[in-house]
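**Student:** return atomic coordinates for the entry below.
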Amino acid sequence: MSCVPARQPSLILINFKYDLEIISEIIQQWKVEKIQLNPPATLDAIKRTEETVNYTFPQDFKELYLIADGFKNWDWRPNMFSLWLLQRIIDEYLEELSRNTDNLTQQDEHAKNFVGFCDYLINSHQIGFFKNSTGVYKSYDEFNPIAQSFNEALQLINKDADLIY
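**Tutor:** Numbering: from 1, shown residues only. Below is the predicted model of the structure:
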């Protein structure tokens, strides 16, 4: 009798299907709201973004971006949240890195490990990932966790949950 645990590919497929169903519901809501979406990103573009920001995006992020590379022309939801295209993720991250590095506060150090993907009210605050941490965070004077996954964060945004403000 083998001591090797049995693989459970069906569980992986169930989770993948569940993620795709959530993504489909999220995108359907955006279409109802007449949000303009960019064409899909490519796997190469996602990989280049990951290399530039030195962060590996979670699978649900990649799945959504393979369907739509953020909102087109800085479009936003009725609650004024906008999902960034990959190039803006890079631009915002590199801008943060280029800020003066003399006398960095702990907040500044945290900001350099933050990879945003969404903003509220034309960058009043951002939502994104922390390198070496799980979950999704809100960046507004300090960094606060808001969701355990990218899909959950998008669902909170679509539901206009108080937690995102």
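**Student:** for the rest of this, base every contact and every neighbour count on C-alpha atoms.
**Tutor:** Will do.
**Student:** part of a helix, is residue 63?
**Tutor:** Yes: counting by DSSP: H, G, I helix; E, B strand; the rest coil, residue 63 is part of a helix.
**Student:** next SSE downstream of the host helix or strand of residue 27?
**Tutor:** Using DSSP states H and E, residue 27 falls within helix 9-32. Counting by DSSP H and E, the next helix or strand C-terminal to helix 9-32 is helix 43-53.
**Student:** mind giving me the packing neighbours of that following helix?
**Tutor:** helix 86-98 (3 or more Cα pairs under 8 Å, 6 or more residues apart in numbering; DSSP states H and E).
**Student:** now what about the helix it packs on, what contacts it?
**Tutor:** Identification of contacts with helix 86-98 by Cα atoms under 8 Å, 6 or more residues apart in numbering yields 41, 45-46, 49, 52-53, 69-70, 111-112, 114-117.
**Student:** ditto for stretch 20-28
**Tutor:** Contacts for stretch 20-28 (Cα under 8 Å, 6+ apart): 63-64, 151, 154-155, 158.
**Student:** between the residues you listed, which sits nearest residue 35?
**Tutor:** Nearest to residue 35 among the contacts of stretch 20-28, counting by Cα to Cα, is residue 158 at 12.0 Å.
**Student:** of all residues in this protein, which one is nearest the centre?
**Tutor:** Geometric centre of the chain, nearest residue: residue 117, 4.5 Å, by Cα atoms, centre = their mean.
**Student:** put together TSV for the contacts of stretch 20-28, with distance to residue 28, pLDDT and neighbour count on each row.
**Tutor:** Converted to TSV, the contacts of stretch 20-28 look like this (distance: Cα to Cα, whole Å; pLDDT from 0 to 100; neighbours: other Cα atoms under 10 Å):
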residue	distance to residue 28	pLDDT	neighbour count
63	15	95	17
64	12	96	22
151	14	96	21
154	12	95	23
155	12	94	17
158	11	93	17
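**Student:** now those residues in a markdown table, with distance to residue 78?
**Tutor:** Shown next, in a markdown table, are those (distance: Cα to Cα, whole Å):
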| residue | distance to residue 78 |
| --- | --- |
| 63 | 24 |
| 64 | 20 |
| 151 | 19 |
| 154 | 14 |
| 155 | 14 |
| 158 | 9 |
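**Student:** good, we can wrap up now.
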